[in-house]
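Peer 1: need a structure here:
(2 chains)
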Amino acid sequence: MLTNPTNQVTQGQFSFLPELTDEQITAQIKWALAHGWAVSIEYTDDPHPRNTYWEMFGMPMFDLKDPAGILMEINACRKTFPNHYIRVMAFNSERGVESPAMSFIVNRPANEPGFGVIRQEAEGRSIRYTVHSYATDKPEGERY
Amino acid sequence: MTDKPLSNNDNASVDLEAIYRDSQIQEVLDRLDNELVGLKPVKTRIREVAALLLVDRLRREMDLTAGTPSMHMSFTGNPGTGKTTVAMRMADILHRLGYIRQGHLIAVTRDDLVGQYIGHTAPKTREVLKKAMGGVLFIDEAYYLYKPENERDYGAESIEILLQVMENQRDDLVVILAGYKDRMDKFFQSNPGMSSRIAHHIDFPNYNPEELLQIAKLMLAESNYRMSPEAEAVFADYVVRRMAQPNFANARSIRNALDRARLRQANRLFSARSGHLTKVDLITIEAEDFLLSRIFDDATSLDAEDTSPS
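Peer 2: Model (predicted):
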């Protein structure tokens, strides 16, 4: 894709940047913990942009003081799903907000085939466009 | 092995005093001296640990690399000798010296670590470990983790995870195991891996009667009470009598005794109904508040006053 020279899925924060190192991830989590947000880890192998609800890897981590514990969990998730997308989310439970405050990808498959455009002929001469991830042609768990 | 050649900056000096002042460690050590009575060997060891970490920091500033020293500890001693209190201070000291990042203390027992069914233990233990990261994990009565009589007990699984984290994430977390001396010794005997990963074995001695009296005064002062001189004499006698009884739990028994004395004091003031009470009346614990204790009742002195265990 011309608009995405790195040819990788761009979702959440920092996804146009090179992969975050563990120190950078730690620094981001520190920021989240300093705000009192609950950090959780999620994974998926369906990179479609509308796939909002990923699988949870363990429970959201409440009452943590230090990023080391979360990094430990991230590494456990990477070990279990080395070829999945893994993201770290920070949930802000403040009244009136109650939504994710941060979300960034910390692991992605080695090879991302990308998306193709699908054109559908509709009523009259109008055409509907949608995207389709080549990875999802294979069943879940065998995609990458 | 050859020595590194001496270079010019080997004589460069670092300011021990400045680092010492910055860490405000003296303040913590002073508080330790003032607020904790007795416990000589414990205080000495804490001083040694503080000195080691301070020097380690200086060495790092001089680019003299050395592996981070292991700070896992085991506190052994009878009930009520101040193990939890010292652990809390330890977290503060290690934090001020930059050994741990957050300085909080998570106190857990077997229940918090070991699960009820297969596959429950590992997530439970990891959950606790994650919460303790950056601070101190205090495992009270750690020997309950290992139950040799039941080979299917899940405690062993928990110990395994603990050991792994204690070894691999020494920078992230300090583990303090606490418990009675004899049972801890047996626990370490059957878990040599645990014993070898713990650098500091600290034994908490029992208090003697004078120390207990001093502790009682400190406790009372904390809650704005004081003993009248006669009460003090009676209480000194009380301590000696109480120590001879079973289930004596050092400072904890003293706290219980004082709580009961407060109860009797309130009762005395209430039943007197003298109308006008001065502030002195309200803060003073009199001799009779102690004398009413069963300990002074020689007929029944055989059964322990606190029936609660430990």
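
Peer 1: going forward, measure contacts between C-alpha atoms and count neighbours the same way
Peer 2: Noted.

Peer 1: can you check what pLDDT the model gives the residue in the stretch 201-310 of chain B that chain A sits nearest to?
Peer 2: Of all residues in the stretch 201-310 of chain B, B:H201 sits closest to chain A, at 26.3 Å by C-alpha to the nearest C-alpha. Per-residue pLDDT puts B:H201 at 90.

Peer 1: wait, isn't it in contact with B:F75?
Peer 2: Yes. Using C-alpha atoms under 8 Å, B:H201 is in contact with B:F75, at 6.3 Å.

Peer 1: higher neighbour count, these two?
Peer 2: Comparing B:H201 with B:F75 by neighbour count (other C-alpha atoms under 10 Å in any protein chain shown), the higher total belongs to B:F75, at 26 against 17.

Peer 1: that one sits in which helix or strand?
Peer 2: strand B:73-77 (DSSP states H and E).

Peer 1: repeat for A:K30
Peer 2: helix A:22-34.

Peer 1: what angle separates the following helix or strand past that helix from helix A:22-34?
Peer 2: Counting by DSSP H and E, the next helix or strand C-terminal to helix A:22-34 is strand A:38-44. Between strand A:38-44 and helix A:22-34, the angle comes out at 130 degrees (axes from the mean of the first three to the mean of the last three C-alpha atoms, to 10 degrees).

Peer 1: quick check, strand A:38-44 touching chain B?
Peer 2: No. For strand A:38-44, no contact with chain B is found by C-alpha under 8 Å from any C-alpha of the partner chain; the gap never falls below 11.9 Å.

Peer 1: what of stretch A:58-65?
Peer 2: Yes. Counting by C-alpha under 8 Å from any C-alpha, chain B has neighbours in stretch A:58-65: A:63-65.

Peer 1: want to throw the residues you listed into JSON lines with pLDDT, neighbour count and secondary structure?
Peer 2: Below are the residues of stretch A:58-65 next to chain B laid out as JSON lines (pLDDT from 0 to 100; neighbours: other C-alpha atoms under 10 Å in any protein chain shown; DSSP: H, G, I helix; E, B strand; the rest coil):
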{"residue": "A:D63", "pLDDT": "87", "neighbour count": "14", "secondary structure": "coil"}
{"residue": "A:L64", "pLDDT": "90", "neighbour count": "22", "secondary structure": "coil"}
{"residue": "A:K65", "pLDDT": "89", "neighbour count": "22", "secondary structure": "coil"}
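
Peer 1: and which of those residues is nearest to chain B?
Peer 2: A:L64 (4.8 Å).

Peer 1: show me the residues around the closest one that make contact.
Peer 2: A:33, B:130-133 (C-alpha atoms under 8 Å, 6 or more residues apart in numbering or on different chains).

Peer 1: circling back to that earlier point, buried residues, the helix holding A:K30. List them.
Peer 2: A:25-26, A:28-30, A:32-33 (16 or more other C-alpha atoms under 10 Å in any protein chain shown).

Peer 1: and the strand holding B:F75, what does it pack onto?
Peer 2: Here strand B:73-77 touches helix B:83-96, strand B:174-179, helix B:181-190, strand B:200-204, going by 3 or more C-alpha pairs under 8 Å, 6 or more residues apart in numbering or on different chains; DSSP states H and E.

Peer 1: got the phi/psi numbers for the closest residue to A:S133 other than its chain neighbours?
Peer 2: In space, and not counting its chain neighbours, A:S133 is closest to A:F115: 4.3 Å by C-alpha to C-alpha, 6 or more residues apart in numbering or on different chains. Main-chain dihedrals, A:F115, degrees, to the nearest 10: phi -120, psi 150.
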